[in-house]
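S.K.: mind folding the following:
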Amino acid sequence: MEKLSLCLSSQTPLVRFNIEHQDTLAKHGASGQLINLEQLVEGEIYQFTAGGVTRMVFPLLKRMIEEGSLANPNWISLNPFGPEKIMVGGITLHHVRLDKERMKGYGQAKEAIWKAVHGIPEENLPVDSLFWQDEYADYTYYNRLFSELVLKLDQENNFDLFYMHDFQQLPMAHMLNNFKPKIFRWHIPFNESLIPETWRPSLSSYFNAYDIVVVSCKRYLDSLKNFGYKGDARYIYPYIDQTAYKKPPESEISKFNEKFGLKDEDRVLLVVARLDPMKGQDRAVKALANLRNFPNLKLVLAGNGSFSSSKQGIGLSKAELWLSRLRELVVEMKVENRVVFTGHLTHAELQAAYERAELTILPSVLEGFGLVVIESWLYKKPTIVSSAAGVAEIINHGENGLLFNPGDPKDLADKIATALSNENLLLSLGDNGYNTSHQYSLEQGTKSEVELMIDLVGAGV
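M.R.: Next up, the predicted model:
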């Protein structure tokens with residue numbers, strides 16, 4: 001089999017670049033040479049972007065290169081402060097920029113779409129008239145920039161297929177005026193009953209411009225077909241490179257405890273999620289307030305804003321607003337001394353957080369999947385999962401996890417109390433979760449993704 005030639009796009013970039021180091025980036029690129037990410041200092045000039053898309057896509061491309069099934073992939077993303085082009089591990093990253101006003105309009109439109117898909121009313125941008133708003137014109141312009149760059153790169157590289165990731169890129173296939181195969185992966189929840197009626201003709205047209213649409217779990221397949229997608233609909237469960245999650249040394253755990261004020265006798269509940277109301281951190285805080293019989297119980301909320309909320313990204317303020325609301329809630333619930341906000345964690349700190357936790361929680365109001373459940377299982381940690389998360393369909397309640405109703409914080413509190421009061425249950429949930437986690441490995445994900453691409457492009461490639 002010949003190697004595939006692939007062009008991939010996502011809103012979220014693989015790396016964010018620190019604004020104050022723009023001169024350093026310009027210096028590296030002044031010679032006209034392609035900048036290699038390995039020439040730059042991680043943590044100082046850039047950091048890898050958190051989130052499921054980058055945690056899946058980057059390892060997937062690297063593994064396909066290593067296995068010899070992929071040649072020089074090109075990855076296009078939005079990156080306001082990144083260099084135009086950069087190389088990392090055999091992958092060429094291309095960065096699209098928008099001016100300030102276009103970025104603002106795009107951000108508002110894509111947030112309105114995101115909220116509608118999650119069943120959240122949008123006050124600032126009426127849903128029924130979204131397609132007639134100036135902000136939607138900026139969303140269209142954003143996709144047009146991406147599509148024009150794809151076509152330019154295709155002339156240079158003659159790609160075998162195009163792979164677009166997540167709802168922000170949905171219109172792209174409609175804009176690409178060629179007959180090459182196109183795959184779209186929808187990462188967030190999909191429930192056709194939440195889609196406004198006035199959107200259906202346009203969105204259905206966008207979906208049907210793709211040969212294959214991939215969703216993150218079984219429950220979204222029927223919904224996608226009911227919505228009117230007539231192509232090849234499939235599900236591939238999200239996956240991670242499990243070798244990247246190691247048992248941390250005691251020194252790292254001690255540093256983590258000291259940094260965040262955790263004592264040896266504290267029992268730790270861990271939530272790993274970006275700061276967003278849909279992630280349900282408020283549910284965990286309210287549940288903690290109902291657990292007065294566990295005086296040493298601490299809730300650790302790990303994570304900060306998404307790329308959309310970051311000043312290095314789109315610059316929306318929802319993460320800051322949600323953090324402020326959570327801090328107010330902590331005071332209202334009188335649990336100030338029992339809740340820890342960590343902000344962004346390095347990978348070493350994240351490993352220490354999982355190792356230190358006694359129990360992990362995915363409290364999301366709605367969630368496309370929930371890779372943090374797989375991560376916690378790798379540390380044999382028992383997990384309590386919102387029934388509204390995609391990952392809930394692989395949870396056998398009482399065997400490899402516990403399910404709770406995200407609309408009922410008391411239900412979450414009861415599930416936490418049940419688990420913490422039964423050492424045997426904690427151990428069995430952790431062990432069974434660890435055994436389940438192997439089904440969502442990079443190896444399995446790569447196999448499924450390559451099969452999908454070969455099915456589309458043809459065995460002769």
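S.K.: so where is the stretch 301-450 of the chain shaky, pLDDT-wise?
M.R.: Within the stretch 301-450 of the chain, the stretches with pLDDT under 70 are 305-317.
S.K.: what about the helices in it?
M.R.: Taking DSSP state H, counting those that start in this stretch to define them, one finds helices in the stretch 301-450 of the chain at 318-332, 347-356, 371-378, 409-420, 423-437, 442-457.
S.K.: now do the longest one: which elements does it pack against?
M.R.: The one in question is helix 442-457. helix 52-67, strand 161-165, strand 182-185, strand 212-215 (3 or more C-beta pairs under 8 Å, 6 or more residues apart in numbering; DSSP states H and E). Every residue, glycine included, has its C-beta placed from N, CA and C.
S.K.: using PDB, write out every CA atom in the last one.
M.R.: Okay, so that is strand 212-215. Below are the C-alpha coordinates for strand 212-215, written out as PDB (Å, rounded to 0.1, in the frame of the first residue of the first chain):
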ATOM      1  CA  ILE A 212     -18.200  10.100   5.700                       C
ATOM      2  CA  VAL A 213     -19.200  11.700   8.900                       C
ATOM      3  CA  VAL A 214     -17.800  10.300  12.100                       C
ATOM      4  CA  VAL A 215     -19.300  10.800  15.600                       C
END
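S.K.: that one: which residues count as buried?
M.R.: Judged by neighbour count using 16 or more other C-beta atoms under 10 Å, the buried positions of strand 212-215 are I212, V213, V214, V215.
S.K.: same question for the longest one.
M.R.: For helix 52-67, the buried set under the neighbour-count rule, 16+ other C-beta under 10 Å, comprises 52-65.
S.K.: if we can go back for a sec, just the helices of the stretch 301-450 of the chain: most buried one?
M.R.: helix 371-378 (a mean of 26; mean count of other C-beta atoms under 10 Å).
S.K.: possible to save the helices and strands packed on helix 442-457 as CSV with distance to S376 and mean pLDDT?
M.R.: Shown next, in CSV, are the helices and strands packed on helix 442-457 (distance: least, C-beta to C-beta, whole Å; pLDDT from 0 to 100):
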stretch, distance to S376, mean pLDDT
helix 52-67, 14, 91
strand 161-165, 24, 97
strand 182-185, 24, 97
strand 212-215, 23, 96
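S.K.: what sits opposite the nearest residue to V214 once chain neighbours are set aside in the beta ladder?
M.R.: Spatial nearest neighbour of V214, excluding adjacent residues (C-beta to C-beta, 6 or more residues apart in numbering): R185 at 4.5 Å. Using DSSP bridges, the bridge partners assigned to R185 are H165, V214.
S.K.: pretty sure R185 contacts F162?
M.R.: No. In this structure, R185 is not within contact of F162 by C-beta atoms under 8 Å, at 11.6 Å.
S.K.: of the two, which one has the most company?
M.R.: When neighbours are counted by other C-beta atoms under 10 Å, R185 and F162 differ, and F162 comes out ahead with 28 against 25.
S.K.: distance check, that one against P59.
M.R.: Shown here: F162 relative to P59, a distance of 20 Å by C-beta to C-beta, to the nearest Å.
S.K.: number of residues surrounding Y139?
M.R.: With other C-beta under 10 Å as criterion, Y139 counts 24.
S.K.: check which helix or strand covers it.
M.R.: Taking DSSP states H and E as the definition, one finds Y139 inside helix 134-157.
S.K.: repeat that for I253.
M.R.: helix 250-260.
S.K.: elements contacting that helix?
M.R.: helix 347-356.
S.K.: the helix it packs on versus helix 371-378: what angle between them?
M.R.: 60 degrees (axes from the mean of the first three to the mean of the last three C-alpha atoms, to 10 degrees).
S.K.: sorry, back to before: what residues sit buried inside the helix holding I253?
M.R.: Residues of helix 250-260 classed as buried by neighbour count (16+ other C-beta under 10 Å): E252, I253, F256, N257, F260.
S.K.: what of stretch 151-164?
M.R.: Quick answer for stretch 151-164 (16+ other C-beta under 10 Å): L153, D154, N157, F159, D160, L161, F162, Y163, M164.
S.K.: tell me who's in contact with A352.
M.R.: If you count contacts by C-beta atoms under 8 Å, 6 or more residues apart in numbering, A352 has them with P248, E252, I253, K255, F256.
S.K.: distance of it from E101?
M.R.: Going from A352 to E101 by C-beta to C-beta gives 42 Å.
S.K.: can you check N178 too?
M.R.: Distance of N178 to E101, given as C-beta to C-beta: 31 Å.
S.K.: how's this protein carved up into domains?
M.R.: Split into domains by automatic domain parsing, the chain comes to 4-240+442-457, 242-439.
S.K.: among the helices of the stretch 301-450 of the chain, which comes closest to I236?
M.R.: With C-beta to C-beta, the closest approach to I236 among the helices of the stretch 301-450 of the chain belongs to helix 442-457: 4.8 Å.
S.K.: CA atoms of the closest one as CSV?
M.R.: In CSV, the C-alpha atoms belonging to helix 442-457 read as follows (Å, rounded to 0.1, in the frame of the first residue of the first chain):
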residue,chain,number,x,y,z
LEU,A,442,-4.1,4.8,20.2
GLU,A,443,-3.5,1.5,18.6
GLN,A,444,-7.2,0.7,18.3
GLY,A,445,-8.0,4.2,17.2
THR,A,446,-5.3,4.3,14.5
LYS,A,447,-6.6,0.9,13.2
SER,A,448,-10.1,2.3,12.9
GLU,A,449,-9.1,5.6,11.4
VAL,A,450,-6.8,4.0,8.8
GLU,A,451,-9.5,1.5,7.8
LEU,A,452,-11.9,4.4,7.4
MET,A,453,-9.5,6.3,5.1
ILE,A,454,-8.6,3.2,3.0
ASP,A,455,-12.3,2.4,2.6
LEU,A,456,-12.9,5.9,1.3
VAL,A,457,-9.8,6.4,-0.9
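S.K.: where exactly do the strands run in the stretch 1-150 of the chain?
M.R.: Ranges of strands within the stretch 1-150 of the chain are 6-10, 15-17, 35-36, 46-48, 74-78, 85-88, 91-96, based on DSSP state E, counting those that start in this stretch.
S.K.: can you say which of these is nearest to G231?
M.R.: Using C-beta to C-beta, the strands of the stretch 1-150 of the chain put strand 6-10 closest to G231, at 18.6 Å.
S.K.: show me what the closest one is packed up against.
M.R.: helix 52-67, strand 74-78, helix 134-157, strand 161-165.
S.K.: and of the ones you listed, who's closest to R200?
M.R.: The nearest among those, by C-beta to C-beta, is helix 134-157 at 15.6 Å.
S.K.: now the nearest residue to N435 once chain neighbours are set aside. Its backbone dihedrals?
M.R.: Using C-beta to C-beta, 6+ apart and skipping residues adjacent in sequence, the residue nearest N435 is N400, 7.6 Å away. Main-chain torsions, N400, degrees, to the nearest 10: phi -110, psi 10.
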